[in-house]
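>>> Below is the sequence, then the predicted model.
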Amino acid sequence: MRRLLGIVVVLGLIAAIGAWFLSAPRPLYAAGDTSLDKGGDVERGRQVFFAGGCASCHTTPGQDDRLKLGGGVELPSPFGSFYTPNISPHPTDGIGRWTVADLANAMMAGVSPDGSHYYPAFPYTTYAGMKIDDVRDLWTYLRTLEPVAGKARDHAVPFPFNIRRALGLWKLLFFSPAPVVDDPSKTPEWNRGHYLVEALGHCAECHSPRNFLGGIVTAQRYAGGPDPEGKGWVPNITQSENGIKSWDKGDIGQLLEFGLTPEADTVGGSMGSVVKNMNQLTKPDRDAMADYVKSLPAREGPPKPAPKAP
């Protein structure tokens, strides 16, 4: 019995050590590296800012200026509530002392400057497809904004989800960072839309169902499902009969610019905030996104629950 117990203890220690190494954060660049900091473009960074939807999550609640990025927005989920951080250029409360490398590690690897994992409520799983030039431009633009004092409250996440190191194991299952690459058989417009939708716009993060661990169900990507924040149902945007097969590219572009569906309904909820971002993009970029979305293959999502009786 003692020998058996000893074997169990040794195997447990080996498993713990293995899990510790497997769950280690893997940044792309050394924290604080300044070698990437020169050459950013403010106007291109502004376009990246709105294409990436930064204002939707990081604007300080309770005021109307979408460029005051003090954070504090609650993002409820089945795993608890997450509160977005201050990403203004404030030197202590925000990211004013970050380098391009720090921002790239956060957005493309989900690793903070102090070397800890970020929760995937921050969609680095999609931002990982970004180009480093776009990260540099975004960093350059963010540095032009007003510093906002104050830090967001801590996440309200219960055990065991509050063990950040365990996110490294989650990443092994659901995070496969890779750049979004052009398809030479497609048009430049389609390729631009591909990049905007699959990387910057992170559209799949909301328009795809998730499994019980919070990973996107690959076979139903873009097929809609329960709102991750528990606020209803996110629509299917593939060419399914239950999606937007009847829409043309002009309909998609109209929704991105004005928030209007072909039936003259107005989108609301979190999509309303998305429209405020998308209408800041150039028309060619919105048209490119429409071109790519219109090409998404038909997929069926989970069955939508019947409406409750009044």
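Nice, I can see it.
>>> List the contacts of the residue lying closest to Ala104 once chain neighbours are set aside.
Closest residue in space to Ala104, ignoring its immediate chain neighbours: Val135 at 4.7 Å, by C-beta to C-beta, 6 or more residues apart in numbering. For glycine as for every other residue, the C-beta is placed from the backbone atoms N, C-alpha and C. Contact analysis of Val135 by C-beta atoms under 8 Å, 6 or more residues apart in numbering lists Val48, Val100, Leu103, Ala104, Met107, Met108.
>>> What's the separation between the first one and Leu200?
Counting by C-beta to C-beta, to the nearest Å, the gap from Val48 to Leu200 is 6 Å.
>>> who touches both of those two?
Asp134.
>>> Domain boundaries for this structure, per the record?
Listed domain ranges for the chain are 27-174, 188-294 (source: automatic domain parsing).
>>> Can you give me the end-to-end span of the longest one?
So that's domain 27-174. Start-to-end span of domain 27-174 (C-alpha to C-alpha, to the nearest Å) is 17 Å.
>>> do stretch 105-117 as well
10 Å.
>>> Can you list the buried residues in that stretch?
Within stretch 105-117, the residues scored as buried using 16 or more other C-beta atoms under 10 Å are Asn105, Ala106, Met107, Met108, Ala109, Gly110, Val111, Ser112, Pro113, His117.
>>> Now do the SS call for the nearest residue to Thr60 once chain neighbours are set aside.
Leaving aside its sequence neighbours, Thr60 sits nearest to Gly70 (C-beta to C-beta, 6+ apart; 3.6 Å). When classified by DSSP: H, G, I helix; E, B strand; the rest coil, Gly70 comes out as coil.
>>> Run a quick neighbour tally on Gly70.
Applying other C-beta atoms under 10 Å, we find 26 residues neighbouring Gly70.
>>> Does it touch Thr84 like I think?
No - in this structure, Gly70 is not within contact of Thr84 by C-beta atoms under 8 Å, at 9.4 Å.
>>> what touches both of these two?
With C-beta under 8 Å, 6+ apart, Gly70 and Thr84 have common neighbours His58, Ala152.
>>> check contacts around the spatially most central residue of the chain.
Most central in the chain under C-alpha atoms, centre = their mean is Pro123, positioned 2.3 Å from the mean C-alpha point. Neighbour list for Pro123: His202, Glu205 [criterion: C-beta under 8 Å, 6+ apart].
>>> With Asp265 instead?
By C-beta under 8 Å, 6+ apart, the contact set of Asp265 is empty.
>>> what's the answer for Pro177, then?
Contacts for Pro177 were tallied using C-beta under 8 Å, 6+ apart; they are Met108, Ala109, Ala128, Gly129.
>>> was I right about the third one contacting Phe174?
I take that to be Ala128. No - at 11.5 Å, Ala128 and Phe174 do not qualify as touching, with contact defined as C-beta under 8 Å.
>>> which one of the two has more residues nearby?
The neighbour comparison of Ala128 against Phe174 (other C-beta under 10 Å) goes to Ala128, with 19 against 16.
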